[in-house]
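*Asks:* The following comprises the amino acid sequence and a computationally predicted model.
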Amino acid sequence: MRDLPTVILAALDERPTTQLWQVEPVSLTWPTVDPDEALFEARNALHRTEHPSMSVLRAVLDGLRRLP
């Protein structure tokens, strides 16, 4: 077996290596729509054969606008 060179590293800093930044203020208000109800309506809209209502179309458009 060959002897390999040994590397000795200096002691690491005790400072944290990650900082968390809050980009947008956190909203402390409750949602105005029940998320479960909105999900139920969205799933039902996928199975409908008639044209969706304007409220459903606006909700979809608002959701798409919020995407990054």
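*Replies:* On my side now, so go ahead.

*Asks:* Counting neighbours, what do you get for residue 33?
*Replies:* 9 (other Cβ atoms under 10 Å). (C-beta placed from N, C-alpha, C; glycine too.)

*Asks:* Okay, helices next: where are they in this protein?
*Replies:* Remark: helices assigned in the chain by DSSP state H are 35-47, 54-66.

*Asks:* Report the backbone C-alpha coordinates of the helix or strand bottoming out on mean pLDDT in the chain in CSV.
*Replies:* The weakest-scoring helix or strand in the chain, judged by mean pLDDT, DSSP states H and E, is helix 35-47 (a mean of 85). Extracted in CSV, the C-alpha atoms of helix 35-47 (Å, rounded to 0.1, in the frame of the first residue of the first chain):
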residue,chain,number,x,y,z
PRO,A,35,-58.3,26.6,-0.6
ASP,A,36,-60.1,23.2,-0.5
GLU,A,37,-63.2,24.8,-2.0
ALA,A,38,-61.2,26.4,-4.8
LEU,A,39,-59.4,23.1,-5.5
PHE,A,40,-62.8,21.3,-5.6
GLU,A,41,-64.2,23.9,-8.0
ALA,A,42,-61.1,23.7,-10.2
ARG,A,43,-61.3,19.9,-10.4
ASN,A,44,-65.0,20.0,-11.2
ALA,A,45,-64.4,22.6,-13.9
LEU,A,46,-62.1,20.1,-15.7
HIS,A,47,-64.9,17.6,-16.0
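
*Asks:* Off-centre distance for that helix?
*Replies:* Remark: helix 35-47 is offset 20 Å from the chain centroid, using Cα atoms, centre = their mean, to the nearest Å.
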